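> Got a predicted structure here, sequence first:
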Number of protein chains: 2
Amino acid sequence: MSASARPQRIRSRLSPDERISKILATTRIMLSEKGYEHLFTAEIAERCGISEATIFKYFQTKRELLTRVVEQWFEELNTEKTAPAKQSVRQQLKQLIWENFATIRREPALSRFVLMELRADPAYKSMYIYQLNRQYNSRILRLLKEAIASGKFRGDVPVRLLMNIIYGAMEHETWAFLRGEGNFDAEAAANGIAEVIYRGMLKPSASAKRKQPVSDNAASAAADKEMPAASSRKPRTVNRTAATPAKRKKSA
Amino acid sequence: MSASARPQRIRSRLSPDERISKILATTRIMLSEKGYEHLFTAEIAERCGISEATIFKYFQTKRELLTRVVEQWFEELNTEKTAPAKQSVRQQLKQLIWENFATIRREPALSRFVLMELRADPAYKSMYIYQLNRQYNSRILRLLKEAIASGKFRGDVPVRLLMNIIYGAMEHETWAFLRGEGNFDAEAAANGIAEVIYRGMLKPSASAKRKQPVSDNAASAAADKEMPAASSRKPRTVNRTAATPAKRKKSA
DNA sequence: GACAGTTAATAAGTTAAACTCACTTATGAA
DNA sequence: TTCATAAGTGAGTTTAACTTATTAACTGTC
């Protein structure tokens, strides 16, 4: 076999931007497939059809590469705005929580990486991903602030605490799923969380409208209209990526 | 200097139990000092005055060693029971949450390890630490169940969800601290979480006792009486330690 | 269409830290 | 005193992230 056997190095030689895109895209797919702890730079390189050294030409560390992947993901998420749909606060809250669950379900590996690795990073708050995360959370934040400002919600609980309750609850509802223990009921969970928060925050005076029907199924399906503008707050002076390398990185 | 210079190998040669105890104790101290990502088996060995190989004689992996450390910690925590103090549900809830915060503050590094590493382990639910964690949580769980059973709390929200809300909230309130960004206000956070949960769960009918004074400071200081027995549920068929090695562990 | 300068890409390393194994030696029982 | 047992270790191996010296693909110039 092999008539004209020339090993012929058909090296592709892309522009940095193209190469970086390709590495990021491949990494994202592989991260979803294998999960963080089973993802190796050597394999990423192989799948990209390049050498490992090339990856490290464009990314200082493996961690930086993964962080960039997650940043891209969040940028996507922050683009696809959903409808603010004139609903009750109660329904909006549930809807936003449900959407958050949907995001986690769509990308378990990426979510896991954020929760496990990035959030615990000592430099987290100075990372770009922190800003992106804030932006992602801003819809719920705005809803809560408005509900308080308008007098529907009580003013004696800090919004920050409310956010922590809501996001903490979502994460906890989600851990078994992220561990690979099967699906979770986003509908029920979103409803439950929204319910407790809503009832816990409703102003006593506002309970003229007594005994609302607590059930509220359906209303899932993520809508996709535009939102005014409002949330185009730019990251302040934040390192794009660049956090603690934490691992190795000798001779810095 | 050095009159009778004899290198003299004063090898200690302890019994397995003693050696294991010493390694565990040393590891716990070092984990608190350095944190998980900067803790190396070589250093642990050095501080124990033994060779690295000895550590691996008694612990299959570094992860197993750390897991054992955390198990011991939880066993301690589950022993030091605090007073059930006949207080209102609202006050008990706050108190228990506050105690949980106090535990995290006392051992940030151990807490971080549990939250970051163990909880995300695919085998988490079959690990001994999962049982210990359940036992640790059982006080809040019991409180909630009783509040529901007695009719004080509504019955339309699953206790599991309530637990997730409470523990999720605590974790989120705690992350900045665990990242090393300074202290947190356990008093305020415990009060806020208890407040939202309590109001969110209170049965409408029970609001005859209208407008309770919401403030409720002090009441911190962990008491330390005994509790009946009640929570001596044995771990079912659960591996002591033994989870996914996840890293290395070749030629298994 | 040869030449040179630039820079994408890589082969062949190095390093760190978890883990292994063949061997050594303290100890206690006979 | 001897010897079996098992605690302990020195000197590895392995793996996967990261480095560096070098090669060669492309670009513009004449």
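Ah, there it is. Numbers count the residues shown, from 1 in each chain, chains lettered A, B, ... in the order given.
> so what are the domain limits for chain A?
A:16-59, A:71-208 (automatic domain parsing).
> Please identify which of those domains is closest to B:F56.
Evaluated over these, closeness to B:F56 peaks at domain A:16-59, with 20.8 Å, by Cβ to Cβ. (Glycine included, C-beta is placed from N, CA and C.)
> So is the closest one next to DNA strand C?
Yes - Domain A:16-59 comes into contact with DNA strand C (Cβ under 7 Å from any atom of the strand), by way of A:P16, A:R19, A:G49, A:I50, A:S51, A:E52, A:A53, A:T54, A:K57.
> any idea of the mean pLDDT for that domain?
Across domain A:16-59, the average pLDDT comes to 97.
> That domain: end-to-end distance?
Terminal residues of domain A:16-59 lie 11 Å apart, using Cα to Cα, to the nearest Å.
> what do you get for stretch A:117-125?
13 Å.
> Are it and DNA strand D in contact anywhere?
No - when contact is scored as Cβ under 7 Å from any atom of the strand, no part of stretch A:117-125 falls within range of DNA strand D; the minimum is 12.9 Å.
> Check the offset of that stretch from the chain's centre.
14 Å (Cα atoms, centre = their mean, to the nearest Å).
> and the top helix by length along chain A, is it in reach of chain B?
The single longest helix within chain A, with elements called by DSSP state H, is helix A:128-149. No - judged by Cβ under 8 Å from any Cβ of the partner chain, helix A:128-149 stays clear of chain B, getting no closer than 10.9 Å.
> Keeping just the C-alphas, turn that helix into PDB.
Taking Å, rounded to 0.1, in the frame of the first residue of the first chain, the C-alpha atoms of helix A:128-149 are listed here in PDB:
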ATOM      1  CA  TYR A 128     -14.300  39.400  34.500                       C
ATOM      2  CA  ILE A 129     -16.600  36.500  35.100                       C
ATOM      3  CA  TYR A 130     -17.700  38.100  38.300                       C
ATOM      4  CA  GLN A 131     -19.000  41.100  36.400                       C
ATOM      5  CA  LEU A 132     -20.700  38.800  33.800                       C
ATOM      6  CA  ASN A 133     -22.300  37.000  36.600                       C
ATOM      7  CA  ARG A 134     -23.600  40.200  38.200                       C
ATOM      8  CA  GLN A 135     -25.000  41.200  34.900                       C
ATOM      9  CA  TYR A 136     -26.700  37.800  34.500                       C
ATOM     10  CA  ASN A 137     -28.200  38.200  38.000                       C
ATOM     11  CA  SER A 138     -29.300  41.700  37.300                       C
ATOM     12  CA  ARG A 139     -32.800  40.800  36.200                       C
ATOM     13  CA  ILE A 140     -33.800  39.200  39.400                       C
ATOM     14  CA  LEU A 141     -32.000  41.900  41.300                       C
ATOM     15  CA  ARG A 142     -34.000  44.600  39.500                       C
ATOM     16  CA  LEU A 143     -37.200  42.800  40.100                       C
ATOM     17  CA  LEU A 144     -36.600  42.600  43.800                       C
ATOM     18  CA  LYS A 145     -35.500  46.200  44.000                       C
ATOM     19  CA  GLU A 146     -38.600  47.400  42.200                       C
ATOM     20  CA  ALA A 147     -40.800  45.300  44.300                       C
ATOM     21  CA  ILE A 148     -39.300  46.900  47.400                       C
ATOM     22  CA  ALA A 149     -39.300  50.400  45.900                       C
END
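> In that helix, which residues are buried?
For helix A:128-149, a neighbour-count test (16 or more other Cβ atoms under 10 Å in any protein chain shown) marks A:128-133, A:135-136, A:139-144, A:147-148 as buried.
> And stretch A:98-114, what's buried?
Those would be A:98-101, A:103-104, A:107-114, for stretch A:98-114 by 16+ other Cβ under 10 Å.
> Which two among these are spaced furthest apart?
Among the buried residues of stretch A:98-114, A:W98 and A:F113 lie farthest apart (Cβ to Cβ), at 22.4 Å.
> Tell me which of the domains of chain A sits most buried.
domain A:71-208 (a mean of 18; mean count of other Cβ atoms under 10 Å in any protein chain shown).
> can you give me how far that domain is from the chain middle?
11 Å.
> what kind of secondary structure is A:D121 in?
Following DSSP: H, G, I helix; E, B strand; the rest coil, the label given to A:D121 is coil.
> Adding distance to B:R68, write the domains of chain A out as CSV.
Formatted as CSV, these follow (distance: least, Cβ to Cβ, whole Å):
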stretch, distance to B:R68
domain A:16-59, 21
domain A:71-208, 21
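> would you list the residues of domain A:16-59 next to DNA strand C in CSV and tack on distance to DNA strand D?
Listed next are the residues of domain A:16-59 next to DNA strand C as CSV, based on distance: Cβ to the nearest atom of the strand, whole Å:
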residue, distance to DNA strand D
A:P16, 13
A:R19, 12
A:G49, 13
A:I50, 12
A:S51, 8
A:E52, 5
A:A53, 4
A:T54, 8
A:K57, 7
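> average pLDDT across stretch A:111-129?
So the average pLDDT for stretch A:111-129 ends up being 97.
> Repeat that for stretch A:74-84.
Stretch A:74-84 comes out at a mean pLDDT of 87.
> looking at it, A:F153 is touching A:L202, isn't it?
Yes - assessed by Cβ atoms under 8 Å, A:F153 is found in contact with A:L202 at 6.7 Å.
> separation between A:R160 and DNA strand C?
In this view, A:R160 and DNA strand C are 36 Å apart by Cβ to the nearest atom of the strand, to the nearest Å.
> now that residue: how far from chain B?
A:R160 sits 9 Å away from chain B, taking Cβ to the nearest Cβ, to the nearest Å as the criterion.
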